[in-house]
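Enquirer: sequence first, then the predicted structure, then my questions.
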Amino acid sequence: MKLSVIDISEPEERILQPLLEAAMKQGFLLVDGHAFTQTEVDELFTMCKEFFTGTTQEEKLKYPIDQRNFGYSSLTAENLNPNQSIDYKESFNFSQINFANGIVNQTPNYVLNQFDYTNPVPPFFTERMEILSQIIVKLHAQARHIIKLLSMAMGIEDVNFFLKRFEPSVPSPSTFRILRYPLMRPDLSGKTDPHVRAGAHTDYGALTLLFQKEGEEGLQLQLDENRWTDVEFIPTKHKGLAPPLVVNFGDMLSYWTNNVLKSTLHRVRFEPGQTRHSDRYSVVFFFEPTATTKLVPVPCQLVQDQGAETSTERELTSLEYLSSRLNATYDYT
Ligand SMILES: O=C(O)CCC(=O)C(=O)O
Ligand SMILES: [Fe+2]
């Protein structure tokens with residue numbers, strides 16, 4: 001299936017309607033005309049591969065994922081859909097990011113009151129922080145641009161409504177994540193689908209940005225009950241740019257908008273007939289409102305119409321919402 005492509009370098013009046021439609025109907029779209037060059041994305045993927053394949057397991061395990069969603073998660077540690085499948089992927093998450101400068105593990109530790117736990121950043125990444133920070137700052141800026149377009153498309157009176165709640169230097173639970181899905185997987189107790197790498201899930205947060213890589217298909221969406229479709233690769237229209245970013249909407253944004261914006265079920269699966277010769281790498285940015293943002297329904301007609309019968313008394317913050325979902329996923333030890 002080909003997703004709608006929204007070129008954010010085009011005039012707003014041309015893209016707002018298709019953007020809103022994709023957000024409401026598919027919950028997934030591709031964003032072209034972004035700020036990433038092919039060269040920098042290639043460099044980023046090379047770095048990921050070097051980290052996962054060039055670091056010993058002993059070293060990786062010095063940075064176990066913690067309650068701030070920072071650190072390493074080993075091959076079978078996270079199960080997105082434990083009833084149906086066992087995931088087979090390893091990842092490293094960076095959180096507590098100051099998006100004004102892209103420095104990770106830096107903003108005041110907003111969960112320190114609850115968990116006095118601080119993973120350091122592995123030397124592999126501190127040595128490469130300049131490239132990483134540059135990418136991270138850009139991802140945040142791109143996500144802000146997309147969410148601003150969305151606020152215009154949704155007809156929110158204050159067009160800066162979202163921008164004010166996604167300030168770069170205010171602490172947020174946003175996370176930058178790199179992943180490796182191994183080509184081969186062992187028979188994990190014979191339980192369920194051996195081709196799954198990441199089980200069916202919806203994302204927990206607001207907006208997810210994902211780099212596409214040619215020849216690295218595997219992401220699938222569920223648009224109707226029990227029908228999975230592959231996200232097909234689509235090249236950019238701009239010379240020198242990386243392919244369009246895959247953008248999807250998570251449960252928090254759906255909740256915040258009384259389900260006007262769709263959070264779509266997706267998974268990563270290597271289909272048996274596919275000619276795949278190597279592991280798959282993935283780089284994901286989870287863009288979240290600042291930690292204390294209250295998720296009271298977004299003030300616009302579209303959302304109000306939808307939520308006539310739901311309470312507007314909600315006081316849950318962005319951090320509370322996300323933490324409860326993450327705590328249900330990980331077994332932090
Ligand atoms: O690697 C991918 O293509 C998807 C990853 C994903 O869905 C996630 O990390 O939430
Ligand atoms: Fe996801």
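Expert: Done, it's in. Ligands and ions are numbered 1, 2, ... in the order given.
Enquirer: for the stretch 51-200 of the chain, what spans make up the helices?
Expert: Taking DSSP state H, counting those that start in this stretch as the test, the helices found in the stretch 51-200 of the chain are 57-60, 123-126, 129-154, 161-165.
Enquirer: and those helices as TSV, adding mean pLDDT?
Expert: Formatted as TSV, those follow (pLDDT from 0 to 100):
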stretch	mean pLDDT
helix 57-60	94
helix 123-126	96
helix 129-154	97
helix 161-165	97
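Enquirer: ligand 1 is nearest to which of those helices?
Expert: helix 129-154 (14.0 Å; CB to the nearest ligand atom). Quick note: C-beta positions are derived from backbone N, CA and C, even for glycine.
Enquirer: what packs against that closest one?
Expert: If you count contacts as 3 or more CB pairs under 8 Å, 6 or more residues apart in numbering; DSSP states H and E, helix 129-154 packs onto helix 12-25, helix 38-54, helix 161-165, strand 175-181, strand 207-210, strand 280-287.
Enquirer: return the set of buried residues in the longest one.
Expert: Translated: helix 38-54. Across helix 38-54, burial judged by 16 or more other CB atoms under 10 Å covers 41, 44, 45, 47, 48, 51, 52.
Enquirer: most widely separated two among those residues?
Expert: Of all pairs drawn from the buried residues of helix 38-54, the greatest distance, 16.9 Å, lies between 41 and 52 (CB to CB).
Enquirer: the closest residue to ligand 1 within the chain bridge partners, please.
Expert: Ranking the residues of the chain by distance to ligand 1 (CB to the nearest ligand atom) places residue 282 first, at 3.2 Å. Residue 282 has these beta-bridge partners by DSSP bridges: residue 179.
Enquirer: wait, isn't it in contact with residue 197?
Expert: No. Using CB atoms under 8 Å, residue 282 makes no contact with residue 197, being 9.4 Å away.
Enquirer: residue 169: neighbour count?
Expert: For residue 169, the neighbour count with other CB atoms under 10 Å is 13.
Enquirer: give me the phi and psi for it.
Expert: phi -100, psi 10 (degrees, to the nearest 10).
Enquirer: among the helices and strands packed on helix 129-154, which is nearest residue 269?
Expert: strand 175-181 (9.6 Å).
Enquirer: can you report how many residues lie near residue 272?
Expert: For residue 272, using other CB under 10 Å, the count is 7.
Enquirer: could you do residue 244 as well?
Expert: Neighbours of residue 244 using other CB under 10 Å come to 26.
Enquirer: same thing with residue 206?
Expert: Considering only other CB under 10 Å, residue 206 is surrounded by 33 other residues.
Enquirer: the nearest residue to it once chain neighbours are set aside and residue 153: what is the separation?
Expert: In this structure, residue 206 finds its nearest non-sequential neighbour in residue 253, 4.4 Å apart by CB to CB, 6 or more residues apart in numbering. Distance of residue 253 to residue 153, computed by CB to CB, to the nearest Å: 13 Å.
Enquirer: compare the two (neighbour count), which wins?
Expert: residue 253 (29 against 20).
Enquirer: helices or strands up against the host helix or strand of the more buried one?
Expert: Assigned by DSSP states H and E, residue 253 belongs to helix 251-256. Using 3+ CB pairs under 8 Å, 6+ apart, the elements in contact with helix 251-256 are helix 318-329.
Enquirer: ok and the helix it packs on relative to strand 175-181, angle-wise?
Expert: Interaxial angle of helix 318-329 relative to strand 175-181 (axes from the mean of the first three to the mean of the last three CA atoms, to 10 degrees): 20 degrees.
Enquirer: what's helix 318-329 in contact with?
Expert: 67, 69, 78-80, 110-111, 165, 172-173, 204-206, 251-252, 255, 288-293, 295 (CB atoms under 8 Å, 6 or more residues apart in numbering).
Enquirer: any of those buried? List them.
Expert: If you count burial by 16+ other CB under 10 Å, the buried members of the contacts of helix 318-329 come out as 67, 69, 78-80, 110-111, 165, 172-173, 204-206, 251-252, 255, 288-291, 293, 295.
Enquirer: before we move on, the earlier item: how about a markdown table for the helices of the stretch 51-200 of the chain, with distance to residue 90 added?
Expert: Shown next, in a markdown table, are the helices of the stretch 51-200 of the chain (distance: least, CB to CB, whole Å):
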| stretch | distance to residue 90 |
| --- | --- |
| helix 57-60 | 8 |
| helix 123-126 | 14 |
| helix 129-154 | 18 |
| helix 161-165 | 32 |
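Enquirer: where in the stretch 1-150 of the chain is pLDDT low?
Expert: 78-79, 82-85, 107-118 (pLDDT under 70).
Enquirer: kindly report the residues of the stretch 51-200 of the chain close to ligand 1.
Expert: 179, 198 (CB under 6 Å from any ligand atom).
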